[in-house]
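# The following comprises the amino acid sequence and a computationally predicted model.
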Amino acid sequence: MRKTTKIWLVTAASFVLVGGIILGGVMSMLKWDFTKLSTVRYENNEYEILEDYQHISIITNTADIVFIPSEGPTTAVSCCEQKGNMHSVSVKDGTLEIEIVDTRKWYEYIGINFGTPKITVHIPQGEYGKLSVQASTGDVEIPKVFKFSSIDILKSTGNVKNYASALEGVKIKTTTGSICVEDASAGSLDLTASTGKVTVSGVICEGDIAVGVSTGKADLSNIRCKNFTSSGSTGDISLKNVVAAEKFFIKRSTGDVKFDGSDATEIFVETDTGDVRGGLLTHKIFVAQTDTGSIDVPKTATGGKCEITTSTGDIDISIKQ
């Protein structure tokens, strides 16, 4: 190695070492709170709502959204937001509208940001009309104490936890993030997650439930519905105590299907490289087919049709007595 090359390497290593020492000293002074290095500053703004409204609409880019029951009959919206990237809050035509207003210049997008904007909606307990949420990045949480005519949530990145009921239906779609719906009733349920887990538990649905995943698992338990449909590319699906009055339609490319005390009048399952296993509640007329796997199903001649098809997976189904 040339002498000049060695000198440059030693110099570079020295700069790295000195930089590490300076960074360590600075972070020690800041008690290792990286948020204090942020060049983006946030401010808290409070909005009090005096007008009557029925529906709620939220349109934002990056923010966590939380609904909290207010102590009294008043409505208030708290926004932890960046200057120049703030929200307008108003009531228009019976709808409480919370909408992002981004007035930043191009150079204001450049900086170090460790903070997360947050929208906290304080509303009285009770029943409301339509709830619509559109956001790019951030989590959404809706507690059980609220009821809506419908819930429609569309997100790119972030988790959604919904415990509220909706008379007409609940529709949640996220690209990267998990979806959780628990202890609720709904006219219908439509859940879609590209990359993330879908969990549904303790739900009574008068209509149909649809769960779509690309890469992620789906866990469902203690559910009653009319029809259940699920499609997915990569990820297992587990149904425990899930009962549909009419049909199951389940399709997976790479992923197992597991039944545990679940049932429907008719069942249709198709997988490419996944196993289909578990226990049903009632007798079925089985039509099972696999290319390279094994088949073990009851030899019953009564009940609804149960058609299971796999390419390279095993089929092992029993009837719980």
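Received it, and whenever you're ready, just let me know what you need.
# ok, the most centrally placed residue in the chain - contacts?
The centroid of the chain falls nearest to Ile179 when counting by Cα atoms, centre = their mean (2.3 Å). Ile179 sits next to 159-160, 162, 172, 191, 193, 196-199 when contact means Cβ atoms under 8 Å, 6 or more residues apart in numbering. Glycine gets a C-beta too; all of them are placed from N, C-alpha and C.
# can you rerun that using 6 Å?
160, 172, 191, 193, 198 (Cβ atoms under 6 Å, 6 or more residues apart in numbering).
# Return the set of residues that bridge with Ile308.
Ile308 has these beta-bridge partners by DSSP bridges: Val269, Ala288.
# what's the burial count for it?
Per other Cβ atoms under 10 Å, the neighbour tally for Ile308 reads 23.
# Name all residues that make contact with it.
Here Ile308 is in contact with 269, 276, 288, 315 (criterion: Cβ under 6 Å, 6+ apart).
# List the contacts of Glu266.
Applying Cβ under 6 Å, 6+ apart, one finds that Glu266 lies in contact with 247, 304-305.
# Check for me that it belongs to a helix.
No: Glu266 is assigned strand when assessed by DSSP: H, G, I helix; E, B strand; the rest coil, not a helix.
# what about Ser194, distance to Gly177?
Distance of Ser194 to Gly177, given as Cβ to Cβ, to the nearest Å: 9 Å.
# residues near Ser188, how many?
Counted with other Cβ under 10 Å, residues neighbouring Ser188 total 19.
# wait, doesn't it sit right on Glu206?
No: in this structure Ser188 lies outside contact range of Glu206 using Cβ atoms under 6 Å: 7.7 Å.
# Now do the same contact list for Phe268.
Phe268 makes contact with 249, 307 under the criterion Cβ under 6 Å, 6+ apart.
# cool, and Thr174?
By Cβ under 6 Å, 6+ apart, the neighbours of Thr174 are 155, 193.
# what do you get if the cut-off is 7 Å, keeping everything else the same?
Residues near Thr174 by Cβ atoms under 7 Å, 6 or more residues apart in numbering: 155, 158, 160, 193, 196.
# cool, and Gly261?
Each residue near Gly261 by Cβ under 7 Å, 6+ apart is listed here: 240-241, 279, 281, 320.
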